[in-house]
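Student: predicted coordinates and the sequence they were generated for:
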Amino acid sequence: MATWGVVTMVKEPPELVAIFASYYASLGAQEIFIFLDGNDPKARQLLAQIPNCRVEVMDDTFFRRNWDCAYPENSFRRQRLIATKAYREAKVDWMLFLDADEYLQADDFAQELADLPSDVDTISIPNGERVFSTEDTTPGLFGGLMLKPKHTRGYVARSLFGEERLKYSDRGFCAHRFGKSATRTGKNIKLGVHAPQRWRGNIKRHVSQQSVICHFDGLTEIHWMLKLLRYHDMGTYESPKGSNDFRYEQVQFLKNSSSLNAVQELHDIIRKYDKDTEERLRGHGLLDDVQVRPFRGLDSYYPDHEFDLSVEWFNDVLKMNMSDLYARLPT
């Protein structure tokens, strides 16, 4: 049987970090690398209860010690560096690189990896994205529906999703459709955000037909808005280009809006589906209920810890931890 591990970079409330780590431990990950983007004693305390979970704090000292460079301001560069570090230090057969809001949906991932031909270097896992039903008024942080990673032709997408939703999404996907990858260890490969980076040899890829990533992009409306503000500040989508035009449109809408209600309406237009649209999308194989259960590992690894995981709790945490950004939201 193949062994596998997971690596992520996080700057989230400790409770969400614990959910991520306990979920993957319960799913069978035999090594979990958590790189905290800033010291968080509570997160380190919670993660100490997860077996084979290695935690490192990313600060200037960390980067100078490992790469003789200052703390990289570009988050994608930080991700690539820490992912490759974990990949090269891992004792497992495969390393999966994810963001902390991405959850693998798999029946038996170890068996899927074991069944791959020995010359396959990396397995690409298609990306699904959590959306909402207008019928469900209390989906919580991880409930709702999932858009499935199935390609639709332009004219079909227009009839299914509508022009307004397509302006601010990629066929309904509000973040990305690129998926993520697990890569066989022991090779001279550098990991990228979505797939291994090029190297001197050829990388043989396989696309998973059994597993999918469920991406919980924006756990709440406020979380989604603050993420767009961060993108604006980072200059990530400062101009429309290629497949990211829709993200640029989202950022610009929020930047230029003087009304919180207007931004909430945009959120609902692109991320919520009425009953008729939901049925049409299901009929085309594009929509399903969310199948992953991120809380599945909490009882096993935190039987004595009380977690408040309500939407209200998370929004309060965001308001406290990201107060400067929060104050810039339209009123």
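Tutor: Looks like it arrived, so ask away.

Student: and the worst-scoring helix or strand of the chain on mean pLDDT, which residues are buried?
Tutor: Sorted by mean pLDDT, DSSP states H and E, the helices and strands of the chain end with helix 154-161, the least confident at a mean of 86. Within helix 154-161, the residues scored as buried using 16 or more other Cβ atoms under 10 Å are A157, L160, F161. The way it works is simple: take the backbone N, C-alpha and C, and place the C-beta from them, glycine included.

Student: so what's K85 up against?
Tutor: N66 (Cβ atoms under 8 Å, 6 or more residues apart in numbering).

Student: in three-state terms, label it for me.
Tutor: Put simply, K85 is helix when judged by DSSP: H, G, I helix; E, B strand; the rest coil.

Student: ok, L266 next?
Tutor: Classification of L266 by three-state DSSP places it in helix.

Student: what does T138 give?
Tutor: Three-state assignment for T138 (three-state DSSP): coil.

Student: ok, now how distant is the nearest residue to G5 once chain neighbours are set aside from G186?
Tutor: Distances taken as Cβ to Cβ, 6 or more residues apart in numbering put E31 closest to G5, at 3.3 Å, once the chain neighbours are dropped. Look at E31 and G186: by Cβ to Cβ, to the nearest Å, they are 14 Å apart.

Student: so these two - more neighbours on which side?
Tutor: Comparing E31 with G186 by other Cβ atoms under 10 Å, the one with more neighbours is E31, at 22 against 10.

Student: thought the residue nearest to G5 was touching E89?
Tutor: No - E31 lies out of contact with E89 (Cβ atoms under 8 Å); the separation is 9.1 Å.

Student: who's in contact with the nearest residue to T3 once chain neighbours are set aside?
Tutor: Of all residues not flanking T3 in the chain, V92 sits nearest, at 4.1 Å (Cβ to Cβ, 6+ apart). Contacts for V92 were tallied using Cβ under 8 Å, 6+ apart; they are T3, W4, G5, Q30, E31, T185.

Student: average pLDDT for stretch 232-239?
Tutor: Per-residue pLDDT over stretch 232-239 has a mean of 85.

Student: quick one: terminal-to-terminal distance for it?
Tutor: Terminal residues of stretch 232-239 are spaced 10 Å apart (Cα to Cα, to the nearest Å).

Student: and that stretch, what's buried?
Tutor: Result for stretch 232-239 [16+ other Cβ under 10 Å]: buried residues H232, T236, Y237.

Student: hmm, back to that, could you report the separation of the residue nearest to T3 from M1?
Tutor: Taking Cβ to Cβ as the measure, V92 falls 11 Å from M1.

Student: please enumerate the helices of this structure.
Tutor: Using DSSP state H, the helices of the chain run over residues 14-27, 41-47, 60-67, 75-89, 109-114, 154-161, 163-167, 221-234, 245-256, 260-271, 275-283, 298-301, 311-321, 323-327.

Student: can you list these in CSV and add distance to G179?
Tutor: Converted to CSV, these look like this (distance: least, Cβ to Cβ, whole Å):
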stretch, distance to G179
helix 14-27, 17
helix 41-47, 26
helix 60-67, 27
helix 75-89, 15
helix 109-114, 14
helix 154-161, 19
helix 163-167, 21
helix 221-234, 19
helix 245-256, 17
helix 260-271, 20
helix 275-283, 20
helix 298-301, 27
helix 311-321, 26
helix 323-327, 28
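
Student: ranking these by mean pLDDT, which is last?
Tutor: Lowest mean pLDDT of the helices of the chain: helix 154-161, a mean of 86.

Student: so which of the buried residues of stretch 232-239 is the closest to T152?
Tutor: Y237 (23.3 Å; Cβ to Cβ).

Student: list the residues that contact that closest one.
Tutor: Y237 neighbours (Cβ under 8 Å, 6+ apart): Y231, N244, R247, Y248, Q250, V251.

Student: the residues you listed, buried ones only, as a ChimeraX selection?
Tutor: Buried members of the contacts of Y237, defined by 16+ other Cβ under 10 Å, are picked up in ChimeraX with:
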select :231,247,248,250,251
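
Student: tabulate the contacts of Y237 in a markdown table, adding columns for distance to D324.
Tutor: Converted to a markdown table, the contacts of Y237 look like this (distance: Cβ to Cβ, whole Å):
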| residue | distance to D324 |
| --- | --- |
| Y231 | 15 |
| N244 | 25 |
| R247 | 22 |
| Y248 | 23 |
| Q250 | 20 |
| V251 | 17 |
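
Student: of the contacts of Y237, closest to R271?
Tutor: For the contacts of Y237, the closest approach to R271 (Cβ to Cβ) belongs to Q250, at 10.5 Å.

Student: my guess is the closest one contacts L228. True?
Tutor: Yes - the criterion here is Cβ under 8 Å, and Q250 meets it with L228 at 5.7 Å.

Student: relative to Q291, which of the helices of the chain is closest?
Tutor: For Q291, the closest of the helices of the chain is helix 14-27, at 12.7 Å, according to Cβ to Cβ.

Student: restricting to C-alpha, output the closest one in PDB.
Tutor: Taking C-alpha atoms only, helix 14-27 is exported to PDB below (Å, rounded to 0.1, in the frame of the first residue of the first chain):
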ATOM      1  CA  PRO A  14      -6.200  27.700  15.200                       C
ATOM      2  CA  GLU A  15      -9.500  25.900  15.100                       C
ATOM      3  CA  LEU A  16      -9.600  25.700  11.300                       C
ATOM      4  CA  VAL A  17      -6.000  24.600  11.200                       C
ATOM      5  CA  ALA A  18      -6.900  21.800  13.700                       C
ATOM      6  CA  ILE A  19      -9.900  20.800  11.500                       C
ATOM      7  CA  PHE A  20      -7.600  20.500   8.400                       C
ATOM      8  CA  ALA A  21      -4.900  18.500  10.200                       C
ATOM      9  CA  SER A  22      -7.400  16.100  12.000                       C
ATOM     10  CA  TYR A  23      -9.300  15.600   8.700                       C
ATOM     11  CA  TYR A  24      -6.200  14.500   6.800                       C
ATOM     12  CA  ALA A  25      -5.000  12.300   9.700                       C
ATOM     13  CA  SER A  26      -8.400  10.600   9.800                       C
ATOM     14  CA  LEU A  27      -8.200  10.200   6.000                       C
END
